[in-house]
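> Here you go, sequence then predicted model.
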Amino acid sequence: MVKRLIGKLKTEYLQLIPTYTTQNAAEIVDTPRGNTSLVPNDVKEGHFAVFSVNPEEEPQRFVVELQWLTHPSFLKLLKEAEDEYGFRQEGVLEFPCRAEELEKVLATCAIAV
């Protein structure tokens, strides 16, 4: 299932905003959410983009490392996204959470690496 998810991320969900790496660097890039045919220049090999989507705030885009797909906190967010949107979600990968919550999870993932 993880291989299938990674493959799907590489081909369909390569869109997203702050860039998080093991060095905890962040960079914000404006990219349209609906366009799934483009891979933005800020999404490097071994990374993918996700959006935090919450009705109380504007969606925010994050570029994260593929290796974080196995982190328990990140897997929890993936499960929440599946419960909210279904597994066959079209377009960019969106997490139904506040940007602050996603930032905390990504910081935890960065520390664990």
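Noted; the coordinates are in hand. Residues are numbered from 1 along each chain as shown.
> just the strands in this protein please.
47-54, 57-65, 93-95 (DSSP state E).
> closest to residue 106 out of these?
strand 57-65 (6.0 Å; CB to CB). Every residue, glycine included, has its C-beta placed from N, CA and C.
> the inter-axis angle of the closest one versus strand 47-54?
Strand 57-65 and strand 47-54 are oriented at 160 degrees to each other (axes from the mean of the first three to the mean of the last three CA atoms, to 10 degrees).
> Which elements pack onto strand 57-65?
Judged by 3 or more CB pairs under 8 Å, 6 or more residues apart in numbering; DSSP states H and E, strand 57-65 is in contact with strand 47-54, helix 99-112.
> now the ones you listed in JSON lines, with mean pLDDT and mean neighbour count?
Formatted as JSON lines, the helices and strands packed on strand 57-65 follow (pLDDT from 0 to 100; neighbours: other CB atoms under 10 Å):
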{"stretch": "strand 47-54", "mean pLDDT": "90", "mean neighbour count": "23"}
{"stretch": "helix 99-112", "mean pLDDT": "88", "mean neighbour count": "17"}
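> about what we covered before: can you put the strands of the chain in TSV and add distance to residue 111?
Below are those laid out as TSV (distance: least, CB to CB, whole Å):
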stretch	distance to residue 111
strand 47-54	18
strand 57-65	13
strand 93-95	19
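> nearest to residue 87, of those strands?
Of all the strands of the chain, strand 93-95 comes closest under CB to CB, at 11.4 Å.
> What helices and strands are in contact with that closest one?
strand 47-54, helix 72-85.
> Just send the helices and strands packed on strand 57-65 back as JSON lines, with distance to residue 67 too.
JSON lines is the format used below for the helices and strands packed on strand 57-65 (distance: least, CB to CB, whole Å):
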{"stretch": "strand 47-54", "distance to residue 67": "10"}
{"stretch": "helix 99-112", "distance to residue 67": "8"}
